[in-house]
Every structure is written in C-alpha cells, then in structure tokens.
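1. Sequence plus predicted model, see below.
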Amino acid sequence: MALLAGLRVPARSLLRAGARLRDAALGRWERAAGGGGDGARSFGSQRVLVEPDAATGVAVMKLWNPPVNSLSLDLLTELVISLEKLENEKTFRGIILTSDLPGIFSAGLDLTEMCGRNPAHYAEYWKALQELWLRLYQTHLVVIAAINGASPAGGCLLALSCDYRVLADNPKFIIGLNETLLGIVAPFWFKDTMINTIGHRATERALQLGLLFRPAEALQVGVVDQVVPEGQVQGAALSAMTQWLAIPDHARQLTKSMMRKATADRLLTQREADIQNFVSFLSRDSIQKALQVYLEKLRQKKG
Ligand SMILES: CC/C=C\C/C=C\CCCC/C=C/C(=O)SCCNC(=O)CCNC(=O)[C@H](O)C(C)(C)COP(=O)(O)OP(=O)(O)OC[C@H]1O[C@@H](n2cnc3c(N)ncnc32)[C@H](O)[C@@H]1OP(=O)(O)O
C-alpha cells in the first residue's frame with residue numbers, strides 16, 4: 001500500500017521476493033549480457049542496467065534497486081558512473097531513464113541512509129545526491145524519463161531533471177515533491193528544478209501541500225509532458241526522443257545549458273554550505289525521531 005498517497009499499490013510481494021533472490025544471486029546483468037539493439041553490449045552495475053543501441057544513439061537506463069528503487073548511496077554512485085560512461089561515448093546522444101521494477105519508478109531518497117547514521121555518512125550521502133543531480137540536470141545528452149511507477153520526492157526530482165517526461169497512466173503512479181508530508185523541507189535546488197518545470201505559483205502550492213499528483217493532474221500542472229497507457233511508456237519515450245534528436249546537437253546543447261546553468265551554478269556556489277545544512281538538519285533529534293516513525297510506519301503497514 002502506498003502510505004503517502006493513501007493509495008494501495010497491488011501486492012508486489014512475490015515479485016519483490018523474486019527480485020531479492022536475483023539481487024542475492026548478483027551477476028545482475030548476466031541475463032542482459034547478450035547486448036543491446038545494435039549489437040552494442042549492455043553494460044551496467046548491480047543497480048543500473050544500460051541497454052545501448054549504437055544504431056540510434058539511444059541507451060535505455062533501467063533502475064533496479066529492490067524493493068522500491070530508493071536512492072541509496074550505492075544507487076546514486078552507480079547512476080553517476082553509468083551517466084558519465086555514456087557521456088564519454090561519442091556514439092550516444094540520448095538516454096531513456098526508466099525502472100526495471102514493476103510499479104515503482106523511484107521511492108526517492110533512501111530513508112535508511114538518513115536515519116541513525118553519523119554526520120560523516122549524511123555528508124557523504126548528500127554529496128552523492130548533489131553529484132547525481134548536477135550531472136543529470138546538465139548532461140549534454142537528451143534524457144527522457146519513461147516513468148513507469150510511483151515517483152515521490154527524490155523520485156520526482158530525478159524525473160524533473162530530465163528533458164522530457166512520459167508517465168504511464170495508472171492512478172497509483174503518483175509523482176510530486178511531498179517532503180512537507182514527512183515534516184521535512186525540499187532543498188532549494190529541488191524547488192528550483194520544479195519551478196523551472198511548472199512555474200513559481202504551481203510549485204509553491206505543490207511544495208507547501210506536499211502534493212502527489214496522479215497522472216491526469218500531473219499532466220495538467222506540467223509535472224509530466226505526456227501520459228500514455230501502461231505498456232506504451234517506453235515506446236512513447238522513444239518516439240519523443242526522435243523529435244529531440246532531430247535538432248542539431250550543438251544548438252540544442254547550448255540552449256539546454258543556457259536554460260539550466262544558472263540553476264546548477266546556484267548549488268555549485270554553495271555546495272558545502274548545502275551539505276552542512278543537510279547534516280545539521282538531519283542531526284536534530286526531532287528530525288531523526290520523525291524519520292524513524294515514518295520509516296517504521298512504512299515497514300508496519302503490511303502487517
Ligand atoms: C532547511 C532544509 C535544509 C536541508 C534539507 C534537509 C533535509 C531535507 C532533504 C529531504 C529531501 C528528501 C527527499 C526524499 O526523497 S525523502 C523520501 C521520500 N519518499 C517517500 O516518502 C516514499 C515512501 N514510500 C512510499 O510511499 C511507498 O513505499 C511507495 C514508494 C509508494 C511504494 O509502495 P509499496 O509498493 O506499497 O511498498 P512499501 O511501502 O510496502 O515499501 C516496501 C519496502 O520499501 C521500504 N521503503 C519505501 N520507501 C522507502 C524509502 N524512501 N527509503 C527506504 N526504504 C523505503 C519500506 O519501508 C518497505 O520496507 P520493508 O523492509 O518493510 O520491505
């Protein structure tokens with residue numbers, strides 16, 4: 001059941017159990033080692049599978065961090081490495097970012113990285129999140145999010161950092177920056193990323209109320225660009241990619257940079273202070289207690 005949205009997500013327990021077994025078995029991408037569409041070999045890490053198609057210059061990047069693709073330190077690190085690898089391959093011009101877990105795009109930041117750890121860990125974790133956002137938000141590649149599941153908070157940030165968003169039409173696939181519902185505050189760069197997507201007023205309302213949008217609402221407010229039937233999300237993302245890749249790279253890339261640089265620079269100029277803010281905020285007893293209670297509720301809701 002989706003606690004925040006007050007919505008039930010169908011039992012994925014069996015799938016999760018299977019996923020955990022696969023995880024335990026490791027060799028995560030052996031099943032895909034045969035390669036991508038044009039004979040290019042799939043590559044990846046334990047939690048990120050990349051299926052490159054050298055013929056089209058598009059790679060599909062799939063998140064796989066069971067049970068809910070929470071953005072753990074490991075997943076953040078692996079995402080940055082995969083992204084960097086694609087950026088350095090001249091063949092690639094676009095990425096489709098999606099999930100390999102049914103019904104979940106990403107549950108956002110990993111609450112277990114934010115609870116009961118020490119300040120050095122919080123700092124390392126936040127730096128890794130900053131790193132992923134800075135790279136994803138500013139990459140010269142076209143990134144299209146094929147959102148095939150729920151994406152609260154940090155999951156929404158991931159999607160908002162892409163160039164275009166396609167959401168599968170399922171009322172359980174909620175998306176939004178819902179931090180206030182947890183008693184925490186979305187950092188300024190989360191807020192800026194949303195403002196750049198849907199504007200100031202819509203962001204203010206969404207952030208203060210911690211709104212999680214269902215697909216039709218997400219489309220209406222502009223959090224996503226397209227809603228398509230489930231099962232068509234990756235195809236629709238690939239179609240949209242064709243339009244983006246029809247634009248000469250240099251012109252599109254310079255335009256992207258012109259639109260996004262000031263936002264990214266704002267974090268870059270106060271990166272260390274942002275880390276310290278996060279560490280001192282998380283180190284408060286009241287915040288730790290609130291996060292523990294929230295995590296416990298998530299764990300117990302099945303019982
Ligand atoms: C002044 C300010 C200065 C600085 C700022 C400082 C701090 C603020 C920064 C904060 C920014 C935060 C961003 C975030 O992303 S916080 C995380 C927000 N995410 C959520 O709240 C999502 C919670 N999860 C859900 O709602 C549901 O799990 C979900 C995703 C809808 C899926 O539902 P379902 O399929 O039914 O799965 P379960 O709920 O049963 O969960 C399965 C399993 O996963 C665990 N889990 C879920 N979400 C998380 C998570 N985010 N992190 C870690 N673990 C998670 C859950 O506990 C279950 O565990 P179990 O052991 O029981 O299997």
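-> Looks like it came in fine. Numbers count the residues shown, from 1 in each chain.

2. got the residue ranges for the strands in this structure?
-> 43-44, 48-53, 58-63, 94-99, 103-104, 142-147, 149-152, 164-168, 175-176, 226-228 (DSSP state E).

3. quick one: which of the ones you listed is nearest residue 204?
-> Closest approach to residue 204 among these is made by strand 175-176 (13.2 Å; C-beta to C-beta). (Each C-beta comes from the backbone N, C-alpha and C, glycine too.)

4. elements contacting the closest one?
-> Applying 3 or more C-beta pairs under 8 Å, 6 or more residues apart in numbering; DSSP states H and E, we find strand 175-176 packed against strand 149-152, helix 154-160.

5. make it 7 Å
-> Strand 175-176 sits against helix 154-160, with contacts defined as 3 or more C-beta pairs under 7 Å, 6 or more residues apart in numbering; DSSP states H and E.

6. hmm, back to that, quick one: which of the strands of the chain is nearest the ligand?
-> Smallest distance to the ligand across these (C-beta to the nearest ligand atom): 4.3 Å, for strand 149-152.

7. rewinding a little: need the strands of the chain in CSV with mean neighbour count and distance to the ligand, can you?
-> Shown next, in CSV, are those (neighbours: other C-beta atoms under 10 Å; distance: least, C-beta to the nearest ligand atom, whole Å):
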stretch, mean neighbour count, distance to the ligand
strand 43-44, 20, 22
strand 48-53, 22, 17
strand 58-63, 24, 13
strand 94-99, 25, 11
strand 103-104, 23, 6
strand 142-147, 28, 13
strand 149-152, 28, 4
strand 164-168, 26, 14
strand 175-176, 28, 10
strand 226-228, 19, 18
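
8. which non-adjacent residue is nearest residue 121?
-> Nearest residue to residue 121, sequence neighbours excluded (C-beta to C-beta, 6 or more residues apart in numbering): residue 113, at 7.3 Å.

9. Distance check, the one you found against residue 76.
-> Applying C-beta to C-beta, to the nearest Å, the value for residue 113 to residue 76 is 9 Å.

10. same question, residue 160
-> Relative to residue 76, and taking C-beta to C-beta, residue 160 is found at 16 Å.

11. for residue 229, same thing?
-> 31 Å.

12. neighbour-wise, which of the two wins?
-> Neighbours per residue, other C-beta atoms under 10 Å: of residue 229 and residue 76, the larger number sits with residue 76, 24 against 10.

13. so the more buried one touches residue 126, yeah?
-> No: the criterion here is C-beta atoms under 7 Å, and residue 76 misses it with residue 126 at 10.0 Å.

14. Please name the residues that touch residue 281.
-> Listed by C-beta atoms under 7 Å, 6 or more residues apart in numbering, the contact set of residue 281 reads residue 287.

15. number of nearby residues for residue 282?
-> Neighbour number of residue 282 under other C-beta under 10 Å is 21.

16. pretty sure it contacts residue 122?
-> Yes: counting by C-beta under 7 Å, residue 282 sits close enough to residue 122 to count as a contact (5.0 Å).

17. what is in contact with these two at once?
-> If you check residue 282 and residue 122 against C-beta under 7 Å, 6+ apart, the residues they both contact are residue 114.

18. Spit out the contact partners of residue 191.
-> 203, 207.

19. ok, it to residue 208 distance?
-> Plainly put, residue 191 is 11 Å away from residue 208 if you go by C-beta to C-beta.

20. Kindly report the same for residue 266.
-> 21 Å.

21. In terms of neighbours, single out the busier of the two.
-> Shown here are residue 266 and residue 208; by other C-beta under 10 Å, residue 266 has more neighbours (14 against 9).

22. if I pick the more buried one, what's in contact with it?
-> Applying C-beta under 7 Å, 6+ apart to residue 266 gives the contacts 189, 192.
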